[in-house]
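*Asks:* Provided below are the primary sequence and the corresponding predicted coordinates.
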Amino acid sequence: MGIFLGTYVPELGMSPDSEICHTFVYRWLIANGNFTGDYPDPLQNISSVEAERFFFPDMGLPARVGGEVQVRENSVIGFWDHGGVLQHTMLAITPTSWVGANNTGCFGVQGGRTQINDVDEFVNGPRSHFGWVDDDNGWQGQYQGLTVTYRDLPRRAF
């Protein structure tokens, strides 16, 4: 799984399962030409602090309003804890088809890269603890409730 929105991003080194979500999005932005100049090494995992600074100079817009997904194709998606700290990032292939790496804590799927074909299929119910909470912008992850936002692809020269 290496081409997303027409941009090829090779797996991360010898152990592709070690690629974390923020690093996958970061590497895609570099390959897509959104980040230019002397950027930090794309073969090293970046921290959530760096990801916030690079992807979300503000928290972005609510991903869901009144039960309707607002995300646009070609957006970066962020999952935030209640303290306002970025926990997870993904790319929007379509408004409801999102791709990311290490989606274990937000979707309960394996490590490595995974495309979630319809985020609305994840239902927070008696047999699942992943998915939208009611009609608001809350998402129930594996360990905590999260707020989901999106923003247009950032551009940056380092």
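*Replies:* Perfect, thanks for sending it. In this text, all values refer to a predicted model and were calculated from it rather than measured experimentally. Numbers count the residues shown, from 1 in each chain.
*Asks:* pull out the buried residues from the longest helix that the chain contains.
*Replies:* In the chain, with assignment by DSSP state H, the single longest helix is helix 21-31. Within helix 21-31, the residues scored as buried using 16 or more other Cβ atoms under 10 Å are 21-31. Heads up, the C-betas are built off the backbone N, CA and C, glycines and all.
*Asks:* can you list contacts of stretch 44-60?
*Replies:* With Cβ atoms under 8 Å, 6 or more residues apart in numbering as the test, stretch 44-60 has contacts from 18-20, 22-23, 25-26, 29, 35, 40, 76, 78, 80, 84-87, 89, 147, 149-151, 154, 156.
*Asks:* can you select the buried ones from these in ChimeraX?
*Replies:* The buried residues among the contacts of stretch 44-60 can be selected in ChimeraX (16+ other Cβ under 10 Å) with this line:
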select :19,20,22,23,25,26,29,35,76,78,80,86,87,89,147,149,150,151
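*Asks:* now, the contacts of stretch 44-60 that are in strands?
*Replies:* If you go by DSSP state E, the contacts of stretch 44-60 have 35, 76, 78, 80, 86-87, 89, 147, 149-151, 156 in strands.
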